[in-house]
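K.L.:
sharing a model that was predicted from the sequence below.
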Amino acid sequence: MEILTSRFPRLRLVAAVVVLLLAAPAWPAVAARCGENGCGRTGDGKTAVGLSEARTAGLPGERAVPRKKGGGSRVVPVEYTVTDDCSYANPNHPGPTPDCGGSGYDQCAGRADADGVTALGPLSRVWYRALSPADRSTSAWQRGELTCFPEAVPGVSTPQLTMAMVTQQWSTTPVAEPGVSLQPDGPALVTKPSFVQVTWPVTGLRPDQVRAVTLLGHQVRIKAVLQTFTYSFGDGTTVKTTSPGGRWPDGNVRHGWEHAGTYTVGVSATYTGQFSVDGSEWADLPGATTVAGSTHQQRVVTLKTRLVIE
(Lines give C-alpha, C1' and ligand atoms only; values in the text may rest on other atoms or scores of the structure.)
Protein backbone atom coordinates (compact mmCIF):
# COMPACT_ATOMS: atom_id res chain seq x y z
CA MET A 1 0.00 0.00 0.00
CA GLU A 2 2.81 2.35 0.78
CA ILE A 3 4.44 1.58 -2.56
CA LEU A 4 1.25 2.45 -4.45
CA THR A 5 0.80 5.67 -2.49
CA SER A 6 4.38 6.77 -3.15
CA ARG A 7 3.90 6.28 -6.89
CA PHE A 8 0.77 8.40 -7.19
CA PRO A 9 2.58 11.78 -7.18
CA ARG A 10 4.86 10.55 -9.92
CA LEU A 11 1.92 9.34 -11.95
CA ARG A 12 0.20 12.68 -11.51
CA LEU A 13 3.40 14.50 -12.54
CA VAL A 14 3.83 12.37 -15.66
CA ALA A 15 0.18 12.89 -16.57
CA ALA A 16 0.54 16.66 -16.12
CA VAL A 17 3.59 16.75 -18.38
CA VAL A 18 1.76 14.75 -21.06
CA VAL A 19 -1.21 17.13 -20.90
CA LEU A 20 1.08 20.16 -21.21
CA LEU A 21 2.92 18.66 -24.19
CA LEU A 22 -0.32 17.85 -25.94
CA ALA A 23 -1.71 21.30 -25.25
CA ALA A 24 1.43 23.18 -26.33
CA PRO A 25 0.90 24.85 -29.71
CA ALA A 26 3.27 23.98 -32.56
CA TRP A 27 5.21 26.81 -34.16
CA PRO A 28 3.54 27.67 -37.47
CA ALA A 29 5.44 27.25 -40.71
CA VAL A 30 6.79 30.19 -42.68
CA ALA A 31 4.16 31.69 -44.96
CA ALA A 32 4.38 34.28 -47.68
CA ARG A 33 1.87 36.37 -45.70
CA CYS A 34 2.04 36.47 -41.94
CA GLY A 35 -0.44 37.65 -39.39
CA GLU A 36 0.37 41.01 -37.89
CA ASN A 37 1.21 39.35 -34.58
CA GLY A 38 3.88 37.26 -36.25
CA CYS A 39 4.36 33.80 -37.67
CA GLY A 40 6.35 32.36 -34.82
CA ARG A 41 9.36 30.18 -35.45
CA THR A 42 9.81 27.57 -38.13
CA GLY A 43 11.03 24.04 -37.65
CA ASP A 44 14.56 25.02 -38.62
CA GLY A 45 14.62 27.79 -36.02
CA LYS A 46 14.22 30.72 -38.41
CA THR A 47 11.82 33.49 -37.61
CA ALA A 48 9.32 34.93 -40.07
CA VAL A 49 7.71 38.34 -40.14
CA GLY A 50 6.96 39.72 -36.67
CA LEU A 51 4.99 42.92 -36.17
CA SER A 52 3.35 44.44 -39.22
CA GLU A 53 4.64 47.78 -40.44
CA ALA A 54 1.58 49.54 -39.01
CA ARG A 55 1.98 47.94 -35.58
CA THR A 56 5.71 48.64 -35.60
CA ALA A 57 5.12 52.31 -36.37
CA GLY A 58 2.38 52.40 -33.73
CA LEU A 59 4.44 51.07 -30.83
CA PRO A 60 3.19 52.95 -27.76
CA GLY A 61 5.05 55.84 -26.21
CA GLU A 62 4.28 54.41 -22.76
CA ARG A 63 4.71 50.85 -21.55
CA ALA A 64 4.71 48.83 -18.35
CA VAL A 65 8.24 48.30 -17.09
CA PRO A 66 9.51 46.51 -13.97
CA ARG A 67 9.88 48.62 -10.83
CA LYS A 68 13.40 49.02 -9.55
CA LYS A 69 12.21 48.39 -6.00
CA GLY A 70 9.28 46.60 -4.48
CA GLY A 71 8.45 44.41 -7.48
CA GLY A 72 5.58 44.83 -9.89
CA SER A 73 5.54 47.23 -12.81
CA ARG A 74 4.64 50.80 -13.66
CA VAL A 75 3.54 52.55 -16.85
CA VAL A 76 6.08 55.16 -17.94
CA PRO A 77 7.29 56.88 -21.12
CA VAL A 78 9.73 54.71 -23.07
CA GLU A 79 12.26 55.01 -25.84
CA TYR A 80 13.11 52.37 -28.45
CA THR A 81 16.08 50.95 -30.29
CA VAL A 82 16.65 47.92 -32.53
CA THR A 83 19.32 45.27 -32.91
CA ASP A 84 19.74 42.07 -34.90
CA ASP A 85 17.83 39.10 -33.53
CA CYS A 86 20.85 37.57 -31.80
CA SER A 87 20.99 36.22 -28.27
CA TYR A 88 24.09 38.33 -27.64
CA ALA A 89 22.94 41.53 -29.39
CA ASN A 90 23.62 44.62 -27.28
CA PRO A 91 20.93 47.32 -27.34
CA ASN A 92 23.51 49.80 -26.05
CA HIS A 93 25.25 49.36 -29.41
CA PRO A 94 22.41 49.15 -31.96
CA GLY A 95 22.99 48.16 -35.52
CA PRO A 96 24.39 45.02 -37.21
CA THR A 97 25.82 42.38 -34.89
CA PRO A 98 28.97 40.66 -36.23
CA ASP A 99 28.72 36.89 -36.74
CA CYS A 100 25.00 36.86 -36.03
CA GLY A 101 24.62 33.49 -37.72
CA GLY A 102 23.25 34.42 -41.13
CA SER A 103 21.60 37.35 -42.79
CA GLY A 104 18.46 38.69 -41.14
CA TYR A 105 17.22 39.53 -44.61
CA ASP A 106 16.53 35.86 -45.39
CA GLN A 107 13.64 35.84 -42.92
CA CYS A 108 12.07 39.08 -44.13
CA ALA A 109 12.93 40.06 -47.68
CA GLY A 110 9.97 39.86 -50.03
CA ARG A 111 7.45 38.76 -47.39
CA ALA A 112 4.22 40.65 -46.87
CA ASP A 113 2.59 41.56 -43.58
CA ALA A 114 -1.14 41.35 -42.84
CA ASP A 115 -1.72 44.63 -44.67
CA GLY A 116 0.12 43.49 -47.79
CA VAL A 117 3.18 45.69 -47.14
CA THR A 118 6.31 44.01 -48.49
CA ALA A 119 9.12 43.76 -45.96
CA LEU A 120 12.83 44.15 -46.49
CA GLY A 121 14.30 43.59 -43.06
CA PRO A 122 16.56 42.67 -41.55
CA LEU A 123 14.73 40.73 -38.90
CA SER A 124 15.24 42.96 -35.86
CA ARG A 125 14.66 42.83 -32.14
CA VAL A 126 12.88 45.84 -30.67
CA TRP A 127 14.14 47.01 -27.28
CA TYR A 128 12.57 49.59 -24.98
CA ARG A 129 13.45 51.23 -21.69
CA ALA A 130 11.79 53.57 -19.25
CA LEU A 131 12.48 57.25 -19.63
CA SER A 132 11.81 59.22 -16.45
CA PRO A 133 10.11 62.52 -17.31
CA ALA A 134 11.60 64.14 -14.20
CA ASP A 135 15.34 63.79 -14.71
CA ARG A 136 15.43 62.07 -18.12
CA SER A 137 17.32 59.18 -16.54
CA THR A 138 16.92 55.80 -18.14
CA SER A 139 16.58 52.24 -16.89
CA ALA A 140 17.80 48.95 -18.31
CA TRP A 141 16.72 47.90 -21.79
CA GLN A 142 13.81 45.47 -21.95
CA ARG A 143 13.51 42.83 -24.69
CA GLY A 144 10.58 43.58 -26.98
CA GLU A 145 8.99 42.35 -30.19
CA LEU A 146 10.41 41.14 -33.51
CA THR A 147 9.85 43.13 -36.69
CA CYS A 148 10.91 43.12 -40.30
CA PHE A 149 10.32 46.89 -40.43
CA PRO A 150 13.12 48.34 -38.23
CA GLU A 151 12.91 51.66 -40.06
CA ALA A 152 9.36 52.10 -38.73
CA VAL A 153 10.26 51.81 -35.02
CA PRO A 154 9.44 55.16 -33.35
CA GLY A 155 12.40 57.32 -32.42
CA VAL A 156 15.10 55.16 -34.00
CA SER A 157 17.48 57.66 -35.56
CA THR A 158 20.03 55.24 -37.04
CA PRO A 159 19.57 55.29 -40.85
CA GLN A 160 18.02 52.02 -42.00
CA LEU A 161 18.05 50.39 -45.40
CA THR A 162 14.44 50.32 -46.60
CA MET A 163 12.44 48.47 -49.21
CA ALA A 164 11.79 51.78 -50.92
CA MET A 165 15.54 52.26 -51.41
CA VAL A 166 15.91 48.82 -53.00
CA THR A 167 12.85 49.33 -55.19
CA GLN A 168 14.25 52.68 -56.32
CA GLN A 169 17.47 50.96 -57.37
CA TRP A 170 15.50 48.46 -59.43
CA SER A 171 13.40 51.16 -61.07
CA THR A 172 16.55 53.00 -62.16
CA THR A 173 18.40 49.90 -63.36
CA PRO A 174 18.64 49.96 -67.17
CA VAL A 175 17.59 46.59 -68.56
CA ALA A 176 18.62 45.37 -72.01
CA GLU A 177 16.25 46.15 -74.87
CA PRO A 178 16.03 43.13 -77.19
CA GLY A 179 16.21 43.27 -80.98
CA VAL A 180 15.67 40.54 -83.59
CA SER A 181 17.54 38.93 -86.43
CA LEU A 182 15.98 36.69 -89.09
CA GLN A 183 17.30 33.80 -91.13
CA PRO A 184 17.63 33.33 -94.02
CA ASP A 185 19.13 36.74 -94.67
CA GLY A 186 17.47 38.90 -97.27
CA PRO A 187 13.92 38.54 -98.61
CA ALA A 188 11.73 35.72 -97.38
CA LEU A 189 9.44 33.70 -99.58
CA VAL A 190 5.69 33.76 -99.06
CA THR A 191 4.56 30.97 -96.67
CA LYS A 192 8.14 29.80 -96.10
CA PRO A 193 9.01 30.16 -92.39
CA SER A 194 11.89 32.36 -91.28
CA PHE A 195 13.87 31.64 -88.13
CA VAL A 196 13.76 34.45 -85.56
CA GLN A 197 16.36 35.06 -82.85
CA VAL A 198 16.67 37.66 -80.08
CA THR A 199 19.73 39.90 -80.24
CA TRP A 200 21.08 41.91 -77.31
CA PRO A 201 22.69 45.35 -77.24
CA VAL A 202 25.95 46.03 -75.46
CA THR A 203 24.29 48.12 -72.74
CA GLY A 204 21.62 47.17 -70.21
CA LEU A 205 21.11 44.33 -67.76
CA ARG A 206 20.24 41.11 -69.58
CA PRO A 207 18.19 38.27 -68.03
CA ASP A 208 19.92 36.80 -64.96
CA GLN A 209 22.65 39.41 -64.99
CA VAL A 210 23.33 41.13 -61.67
CA ARG A 211 24.00 44.73 -60.70
CA ALA A 212 25.64 45.39 -57.33
CA VAL A 213 25.36 48.64 -55.37
CA THR A 214 26.23 49.70 -51.84
CA LEU A 215 23.48 51.35 -49.79
CA LEU A 216 24.15 52.52 -46.23
CA GLY A 217 27.03 50.08 -45.99
CA HIS A 218 25.01 47.10 -47.25
CA GLN A 219 25.77 45.23 -50.46
CA VAL A 220 22.57 45.14 -52.48
CA ARG A 221 22.39 42.99 -55.60
CA ILE A 222 19.72 43.51 -58.24
CA LYS A 223 18.94 40.81 -60.80
CA ALA A 224 16.83 41.06 -63.94
CA VAL A 225 14.50 38.07 -64.36
CA LEU A 226 12.92 37.40 -67.75
CA GLN A 227 9.21 36.61 -67.66
CA THR A 228 8.35 36.50 -71.36
CA PHE A 229 9.27 37.57 -74.88
CA THR A 230 6.50 38.90 -77.11
CA TYR A 231 7.27 38.66 -80.82
CA SER A 232 5.30 40.68 -83.35
CA PHE A 233 5.53 39.95 -87.06
CA GLY A 234 3.84 42.96 -88.62
CA ASP A 235 0.88 41.02 -90.00
CA GLY A 236 -1.19 41.05 -86.81
CA THR A 237 0.42 37.90 -85.45
CA THR A 238 2.10 37.91 -82.02
CA VAL A 239 3.70 35.09 -80.07
CA LYS A 240 4.47 35.01 -76.34
CA THR A 241 7.17 32.66 -75.14
CA THR A 242 10.22 32.46 -72.90
CA SER A 243 12.38 31.27 -75.81
CA PRO A 244 14.92 33.63 -77.38
CA GLY A 245 14.53 31.72 -80.64
CA GLY A 246 17.54 30.63 -82.63
CA ARG A 247 19.11 29.95 -85.99
CA TRP A 248 18.39 27.18 -88.47
CA PRO A 249 17.79 24.30 -87.91
CA ASP A 250 17.16 24.29 -84.15
CA GLY A 251 15.46 27.64 -83.63
CA ASN A 252 11.95 27.21 -82.23
CA VAL A 253 10.56 30.67 -83.08
CA ARG A 254 9.52 30.68 -86.73
CA HIS A 255 7.06 32.60 -88.85
CA GLY A 256 5.84 32.61 -92.41
CA TRP A 257 3.87 35.38 -94.16
CA GLU A 258 0.85 34.71 -96.34
CA HIS A 259 1.32 37.68 -98.65
CA ALA A 260 4.16 39.57 -100.24
CA GLY A 261 5.12 42.91 -98.75
CA THR A 262 7.36 44.53 -96.15
CA TYR A 263 6.69 43.74 -92.51
CA THR A 264 8.01 45.25 -89.28
CA VAL A 265 9.28 42.48 -87.01
CA GLY A 266 10.15 43.16 -83.38
CA VAL A 267 10.26 41.69 -79.90
CA SER A 268 9.64 43.04 -76.41
CA ALA A 269 10.88 41.59 -73.14
CA THR A 270 9.01 41.67 -69.84
CA TYR A 271 11.24 41.62 -66.77
CA THR A 272 10.69 41.35 -63.07
CA GLY A 273 13.41 41.99 -60.52
CA GLN A 274 14.97 40.15 -57.61
CA PHE A 275 17.26 41.42 -54.89
CA SER A 276 19.67 40.18 -52.27
CA VAL A 277 21.12 42.06 -49.30
CA ASP A 278 24.48 41.12 -47.77
CA GLY A 279 24.40 37.69 -49.38
CA SER A 280 20.83 36.79 -48.46
CA GLU A 281 18.70 34.53 -50.63
CA TRP A 282 17.10 36.09 -53.69
CA ALA A 283 13.69 37.67 -53.10
CA ASP A 284 11.18 39.08 -55.58
CA LEU A 285 10.67 42.78 -56.15
CA PRO A 286 7.17 44.11 -56.84
CA GLY A 287 6.12 45.11 -60.32
CA ALA A 288 7.29 44.34 -63.85
CA THR A 289 8.70 46.33 -66.73
CA THR A 290 8.44 45.76 -70.49
CA VAL A 291 10.97 47.11 -72.99
CA ALA A 292 11.52 46.75 -76.72
CA GLY A 293 14.55 47.46 -78.88
CA SER A 294 15.13 48.02 -82.57
CA THR A 295 12.87 46.40 -85.16
CA HIS A 296 13.66 44.60 -88.39
CA GLN A 297 12.09 45.37 -91.76
CA GLN A 298 11.42 42.05 -93.42
CA ARG A 299 10.69 41.93 -97.13
CA VAL A 300 8.52 39.02 -98.31
CA VAL A 301 8.36 38.09 -101.99
CA THR A 302 6.48 35.64 -104.19
CA LEU A 303 8.52 33.09 -106.10
CA LYS A 304 7.48 32.94 -109.71
CA THR A 305 8.55 30.22 -112.11
CA ARG A 306 8.74 30.62 -115.86
CA LEU A 307 9.14 28.09 -118.59
CA VAL A 308 11.97 29.10 -120.81
CA ILE A 309 12.42 27.43 -124.21
CA GLU A 310 15.90 27.66 -125.60
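P.N.:
In hand now; what should we look at? Owing to the predicted nature of the structure, the values given are computational and were not obtained by experimental measurement.

K.L.:
quick one: contacts of stretch 155-167?
P.N.:
For stretch 155-167, the external contacting residues (CB atoms under 8 Å, 6 or more residues apart in numbering) are 79-82, 94-95, 118-120, 150-151, 215-216, 218, 220, 222, 275, 277, 285-287. Yep, even glycine has a C-beta here, placed from its N, CA and C like the rest.

K.L.:
where in the protein is pLDDT low?
P.N.:
1-49, 68, 94-103, 132-138 (pLDDT under 70).

K.L.:
which segments of it make up each domain?
P.N.:
What automatic domain parsing lists as the domains of the chain is 26-159, 168-301.

K.L.:
distance between the ends of the last one?
P.N.:
The one in question is domain 168-301. Terminal residues of domain 168-301 are spaced 48 Å apart (CA to CA, to the nearest Å).

K.L.:
same deal with stretch 187-207?
P.N.:
Rule used - CA to CA; the end-to-end distance of stretch 187-207 is 31 Å.

K.L.:
residues contacting residue 274?
P.N.:
222-223, 225, 282-285.

K.L.:
partners of it in the sheet?
P.N.:
Legend: beta-bridge partners of residue 274 under DSSP bridges are residue 223, residue 284.

K.L.:
distance-wise, check it relative to residue 164.
P.N.:
17 Å (CB to CB, to the nearest Å).

K.L.:
now do residue 277
P.N.:
With CB to CB as the criterion, residue 277 and residue 164 are 14 Å apart.

K.L.:
and the two? Which one has more around it.
P.N.:
Neighbour totals were compared for residue 277 and residue 164, and residue 277 leads with 23 against 10 (other CB atoms under 10 Å).

K.L.:
so who does that one touch?
P.N.:
With CB under 8 Å, 6+ apart, residue 277 has these contacts: 103, 105, 109, 120-122, 161, 166, 218-221.

K.L.:
name the nearest residue to it, ignoring sequence neighbours.
P.N.:
Leaving aside its sequence neighbours, residue 277 sits nearest to residue 105 (CB to CB, 6 or more residues apart in numbering; 4.3 Å).

K.L.:
thought that neighbour was touching residue 121?
P.N.:
Yes: applying CB atoms under 8 Å as the test, residue 105 and residue 121 come out as touching, 4.4 Å apart.

K.L.:
strands along the stretch 51-200 of the chain, start to end?
P.N.:
62-66, 73-84, 124-130, 142-147, 179-183, 188-189, 194-199 (DSSP state E, counting those that start in this stretch).

K.L.:
nearest to residue 266, out of those?
P.N.:
When the strands of the stretch 51-200 of the chain are compared by CB to CB, strand 179-183 sits nearest residue 266, at 6.2 Å.

K.L.:
tell me where the stretch 151-300 of the chain has helices.
P.N.:
163-171 (DSSP state H, counting those that start in this stretch).

K.L.:
any idea how far residue 292 lies from residue 246?
P.N.:
In this view, residue 292 and residue 246 are 20 Å apart by CB to CB.

K.L.:
one more: residue 171?
P.N.:
32 Å.

K.L.:
just residue 141 next, same as before
P.N.:
62 Å.

K.L.:
ok, residue 159 next?
P.N.:
Taken as CB to CB, the span from residue 159 to residue 246 is 48 Å.

K.L.:
same question, residue 185
P.N.:
15 Å.

K.L.:
wait, residue 190 sits on residue 303?
P.N.:
Yes: using CB under 8 Å, residue 190 is in contact with residue 303, at 7.4 Å.

K.L.:
give me the more crowded residue out of those two.
P.N.:
Of the pair residue 190 and residue 303, residue 190 is the one with more neighbours under other CB under 10 Å, namely 14 against 10.

K.L.:
number of nearby residues for the residue nearest to the more buried one when sequence neighbours are not counted?
P.N.:
Leaving aside its sequence neighbours, residue 190 sits nearest to residue 302 (CB to CB, 6+ apart; 5.1 Å). By the measure other CB under 10 Å, the count of residues near residue 302 is 10.

K.L.:
looking at the contacts of residue 274, which is nearest residue 65?
P.N.:
Residue 65 has its nearest neighbour among the contacts of residue 274 in residue 283, at 36.2 Å by CB to CB.
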